[in-house]
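1. following is a predicted model, sequence given first.
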Amino acid sequence: MAHFFYKLLPPRASFAQDMTPDEAAVMGRHVAYWKDQMDRGLKVFALGPVADPAGIFGIAVIEATDAATAQELGSNDPAIRQAEYGFRYELHLMPRGVMHSS
């Protein structure tokens, strides 16, 4: 198993302050998607928004069998699948990640 850092980047720096009702609905589907993945057994060690002064963004630290599986998780995020909203993401391997076991 490998660990990956997933970073969801919103369409603009002011997103948290001025998201539209449609964008809020997409964010609701985004949260539901990741919660469903967790319910199905995906190990997620961290998940949520980061209050960066330059602009909020979302993160997840996940465990996946390989990079292709992690990439598929990111590509299937409703925020990404609905490209018209302008979200994008980055995915980075954590080659020496140390995770708390529970």
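-> On my side now, so go ahead.
2. centre of the chain to stretch 43-61, how far?
-> The chain centre lies 7 Å from the centre of stretch 43-61; the measure is C-alpha atoms, centre = their mean, to the nearest Å.
3. what ranges do the strands span in the chain?
-> With DSSP state E as the criterion, the chain has strands at 2-9, 43-50, 57-64, 88-93.
4. now for the longest helix along the chain, which elements pack on it?
-> In the chain, taking DSSP state H as the definition, the longest helix is helix 21-39. Here helix 21-39 touches strand 43-50, helix 78-81, going by 3 or more C-beta pairs under 8 Å, 6 or more residues apart in numbering; DSSP states H and E. In this view, the C-beta of every residue, glycine as well, is placed from N, C-alpha and C.
5. so which of the ones you listed comes closest to Met1?
-> Among the helices and strands packed on helix 21-39, strand 43-50 comes nearest to Met1, with 8.0 Å by C-beta to C-beta.
6. so what's Asn76 up against?
-> Going by C-beta atoms under 8 Å, 6 or more residues apart in numbering, Asn76 touches Tyr33.
7. low-confidence stretches in this protein?
-> Within the chain, the segments meeting pLDDT under 70 span 99-102.
8. now do the longest helix of the chain against strand 57-64, angle only.
-> Angle of helix 21-39 versus strand 57-64, following axes from the mean of the first three to the mean of the last three C-alpha atoms, to 10 degrees, is 20 degrees.
9. re earlier: could the strands of the chain be laid out in a markdown table, adding distance to Met19?
-> Below are the strands of the chain laid out as a markdown table (distance: least, C-beta to C-beta, whole Å):
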| stretch | distance to Met19 |
| --- | --- |
| strand 2-9 | 13 |
| strand 43-50 | 12 |
| strand 57-64 | 13 |
| strand 88-93 | 16 |
